[in-house]
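*Asks:* predicted model, plus sequence, below.
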Amino acid sequence: MKAATFALALATFGFAGNAALAVTTDDVKWINQCVADNKAGAAAEVVLNYCTCMNEKMDNNESQSITQWEKTHATERKACDKEAGWR
């Protein structure tokens, strides 16, 4: 499962619009944890898109997990819900 999540994260990070995004090991770690935290929340692709969106909105120096950070950042959470298609 982790290998599949990692592969999906790489595919998701590969291109956003026309701009390539850099993927770090740290990004993948946080996204994989977010996916695990939300595994029963929605379809796997929706959760991955949501977690990727949230990771992109967070500062690179953030020490909280995505799951912790989203609790205090409602605006970003709502934007990523919409972008990911979470209903």
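*Replies:* Structure's in. What do you need?

*Asks:* please enumerate the helices of this protein.
*Replies:* Secondary structure of the chain (DSSP state H): helices at 2-14, 25-37, 44-57, 66-70, 74-84.

*Asks:* determine which stretch of those helices is the most buried.
*Replies:* helix 44-57 (a mean of 21; mean count of other CB atoms under 10 Å). The way it works is simple: take the backbone N, C-alpha and C, and place the C-beta from them, glycine included.

*Asks:* so which elements touch that one?
*Replies:* helix 2-14, helix 25-37, helix 66-70, helix 74-84 (3 or more CB pairs under 8 Å, 6 or more residues apart in numbering; DSSP states H and E).

*Asks:* rewinding a little: how about a markdown table for the helices of the chain, with mean pLDDT added?
*Replies:* Formatted as a markdown table, the helices of the chain follow (pLDDT from 0 to 100):
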| stretch | mean pLDDT |
| --- | --- |
| helix 2-14 | 50 |
| helix 25-37 | 93 |
| helix 44-57 | 94 |
| helix 66-70 | 95 |
| helix 74-84 | 95 |
